[in-house]
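Novice: Attaching a predicted model along with its sequence, questions to come.
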Amino acid sequence: MYVFLTGPSGVGKSTALDRTLALLGVRPGGFRTGFAPDRTRLCLWPAWEMPDWSEEHTVARMVQGRLTGDPEAFDRLGPRILAESRTWASLLVLDELGWLERDAAAFRQAVQDSVAGELPVLGVIKPEQQRAGTWLESLAQAPDGTVVTVNTVNRDSLPVLLAEQFGATLAGMEKK
């Protein structure tokens, strides 16, 4: 089972994800991404750790005013983090998936393997118009996944609904 949150930039997708995790009270596996404080680099780090703005965790940087992905960095970090997570986590976070990873084959495969795996996944994915014709389309269209659009109307109630859904799934996994 997996749920991807989508919606326009700044609407609250990652905030809804954070609030859902807080309600669940689980230590998530997977990864997070975010801009370094100087806004010139995008970093990727394990979801269970504090943000890491180091060069080692940089996966994209601003080049001539345009954010440019580093496929080697995605391939070095993402698969390792996801593989480690699958050894202990009960829930994977994939925050955020977009176009920067298009040339990172190992990263994309690790994401696809995670989504097809046993662990539930809560992620953030680019809006439909931005994922059309990209590797993200197959993730969004898989039959066992759900894409939920976050907006100003549902962003406050969504974490409770997601926590109920994921909580039931996690409880069912514990009984096995």
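Specialist: Received, thanks.
Novice: ranges for the strands of this protein?
Specialist: Assigned by DSSP state E, the strands in the chain fall at 2-6, 29-35, 41-46, 58-63, 66-69, 92-97, 121-125, 145-149.
Novice: so how far is S114 from the residue lying closest to H57 once chain neighbours are set aside?
Specialist: Once flanking residues are discounted, H57 sits nearest to C43: 4.3 Å by C-beta to C-beta, 6 or more residues apart in numbering. Placement of C-beta: from N, CA and C, glycine included. Distance from C43 to S114, counting by C-beta to C-beta, to the nearest Å: 20 Å.
Novice: What's the end-to-end length of stretch 154-163?
Specialist: The first and final residues of stretch 154-163 sit 14 Å from each other (C-alpha to C-alpha, to the nearest Å).
Novice: Actually, stretch 134-151.
Specialist: Stretch 134-151 has an end-to-end distance of 23 Å (C-alpha to C-alpha).
Novice: now stretch 23-31
Specialist: End-to-end span of stretch 23-31 (C-alpha to C-alpha): 19 Å.
Novice: buried sites along that stretch?
Specialist: Buried residues in stretch 23-31, counting neighbours by 16 or more other C-beta atoms under 10 Å, are found at L24, V26, P28, G29, G30, F31.
Novice: do the same with stretch 61-76
Specialist: For stretch 61-76, the neighbour count (16+ other C-beta under 10 Å) marks R61, L67, G69, D70, P71, A73, F74, D75, R76 as buried.
Novice: The second one pairs with what?
Specialist: So the one you mean is L67. L67 has these beta-bridge partners by DSSP bridges: M62.
Novice: list the contacts for it?
Specialist: Each residue near L67 by C-beta atoms under 8 Å, 6 or more residues apart in numbering is listed here: L42, A60, R61, L100.
Novice: Good, we can wrap up now.
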